[in-house]
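S.K.: turn this into a model:
(one chain, ligands or ions: 1)
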Amino acid sequence: MTNILVTGGAGYIGSHACKALKAAGYTPVTFDNLVTGWQDAVRFGPFEQGDLLDLARLEEVFARWQPAAVMHFAALSQVGESMQQPGTYWRNNVQGSLNLIEAAAASGCRQFVFSSTCATYGDQDNVVLDENSEQHPINAYGASKRAIEDILRDFDAAHGLNHVIFRYFNVAGADPDGEVGEFHRPETHLVPLLLDAIDGKRDALTIFGTDYDTPDGTCIRDYVHVCDLVDAHVLGLKWLESGKGSRVFNLGTGTGFSVREVMDHSRTVTNRPVPFNEGDRRPGDCTRLVSGSTRAEAELGWKPTRSTMETMIADAWRWHQNGHYDK
Ligand code: UFG
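M.R.: Sure thing, here's the model as predicted:
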């Protein structure tokens, strides 16, 4: 079986990717420092605990498993936190990724799938965001991911490191089998926070800003189901295996939902009220982030099947009620 090194494989998206990789016949080898991930979420292949800032440990793991490809999910990923601790984001995300990319290149691994983000585009109101859109990140998180994209291009030119860059829009939902799901401590993402408010685990959801230039005054995002997202990663791997070279793909559905619309759908799906209050804007938030690209569908053959808002919330709600991890 072909080994794939999955950094962040104990996290939300990485654990779903490991499940999809195993189902596709690969062996996902998780590399994770367990700072935000959960050992309990490593269910589909071997586990190597380690930190991307530890180059010697990375070299050891590459030597042991000889991965044919890397899927790189590990990162700090909170927009708000990145505005308060930019140094932490630059060090962990950029230095950590540079170590990983150098270790991959040195080991002879030439295939790399990278989790980037629509946050690299920044605030470009009324602009259709496709892969050729300009990138002007407005938060340190987006800036750190953009820098890693640049590093990958340089390593491709110098060392032939073929890569697929996926720029995610907002990821939601959970494995419908309930084996893995979204579990952050602390939680900062809209859908799990909403569900916490609905079932009384927190008093209320605070809407971050109601004076944006959108129809209902709240921010608009493009939500994609985590299972659809990781399916695209397996297709990205096959793209690299077939020698098609480096490519960037947006992963979104092209439909935007405001915070209030997500709340409305959650009320309908769970059949319960959503306690909420209205608060100030969160620094670093863009007004509207919606993908305007169908490149992943056209070129990778990606077909999202679970990314309706109802299915994403229903899957997240099922996991929310039944699933959790222990360290
Ligand atoms: N929001 C609230 N209240 C909350 C939490 C979020 O109103 O308590 C709002 C935010 O202001 C934003 C929307 O809900 O408008 C979504 O916020 P999330 O924190 O769930 O997601 P972000 O858009 O900030 O960021 C997420 C990921 C990033 C990724 C980005 C791309 O965390 O890794 O999507 O938009 F890059």
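S.K.: so who does Gly80 touch?
M.R.: Shown in contact with Gly80 (CB atoms under 8 Å, 6 or more residues apart in numbering): Thr188, Arg282, Pro283, Gly284. C-betas here are computed from N, CA, C, even on glycine.
S.K.: which stretches of the stretch 1-150 of the chain form helices?
M.R.: Under the criterion DSSP state H, counting those that start in this stretch, the stretch 1-150 of the chain contains helices at 12-23, 55-65, 79-84, 86-89, 96-107, 140-159.
S.K.: thinking again about what came up before, could you give me the ChimeraX selection string for whichever of the contacts of Gly80 are buried?
M.R.: Buried residues among those (16 or more other CB atoms under 10 Å), as a ChimeraX selection:
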select :284
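S.K.: any chance of the contacts of Gly80 in JSON lines, with pLDDT too?
M.R.: Listed next are those as JSON lines, based on pLDDT from 0 to 100:
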{"residue": "Thr188", "pLDDT": "91"}
{"residue": "Arg282", "pLDDT": "92"}
{"residue": "Pro283", "pLDDT": "85"}
{"residue": "Gly284", "pLDDT": "81"}
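S.K.: run through the residues that contact the residue in the stretch 151-300 of the chain positioned nearest to the ligand.
M.R.: As assessed by CB to the nearest ligand atom, the ligand sits closest to Cys219 within the stretch 151-300 of the chain, at 3.0 Å. Shown in contact with Cys219 (CB under 8 Å, 6+ apart): Phe208, Gly209, Tyr212, Ser258, Val259, Asp285, Cys286, Thr287, Arg288.
S.K.: can you sort out which of these also neighbour the ligand?
M.R.: Phe208, Val259, Asp285 (CB under 6 Å from any ligand atom).
S.K.: surely the second one meets Pro215?
M.R.: No: between Val259 and Pro215 there is no contact under CB atoms under 8 Å: 11.9 Å.
S.K.: any idea how far the residue of the stretch 151-300 of the chain closest to the ligand lies from Asn33?
M.R.: Using CB to CB, to the nearest Å, one gets 31 Å for the distance from Cys219 to Asn33.
S.K.: also Trp317?
M.R.: From Trp317 over to Asn33 (counting by CB to CB), the distance is 30 Å.
S.K.: likewise for Ile138?
M.R.: For Ile138, the distance to Asn33 equals 28 Å [CB to CB].
S.K.: re earlier: which of the contacts of Gly80 fall within strands?
M.R.: Secondary structure from DSSP state E places none of these in strands.
S.K.: close to the ligand: what parts of the stretch 1-150 of the chain are there?
M.R.: Counting by CB under 6 Å from any ligand atom, the residues of the stretch 1-150 of the chain near the ligand are Ser77, Val79, Thr117, Cys118, Ala119.
S.K.: so how far is Gly181 from the fourth one?
M.R.: Put plainly, it is Cys118. 22 Å.
S.K.: before we move on, what about the third one?
M.R.: When CB to CB is applied, the distance between Thr117 and Gly181 equals 21 Å.
S.K.: go on, the last one?
M.R.: When distance is defined by CB to CB, Ala119 is 23 Å away from Gly181.
S.K.: for Thr287, same thing?
M.R.: Thr287 sits 29 Å away from Gly181, going by CB to CB.
S.K.: neighbour count for those two, which is higher?
M.R.: More crowded of Thr287 and Gly181, by other CB atoms under 10 Å: Gly181, with 24 against 16.
S.K.: pull the contacting residues for that one.
M.R.: Listed by CB under 8 Å, 6+ apart, the contact set of Gly181 reads Tyr12, Ala174, Asp175, Ala316, Trp319, His320, Gly323.
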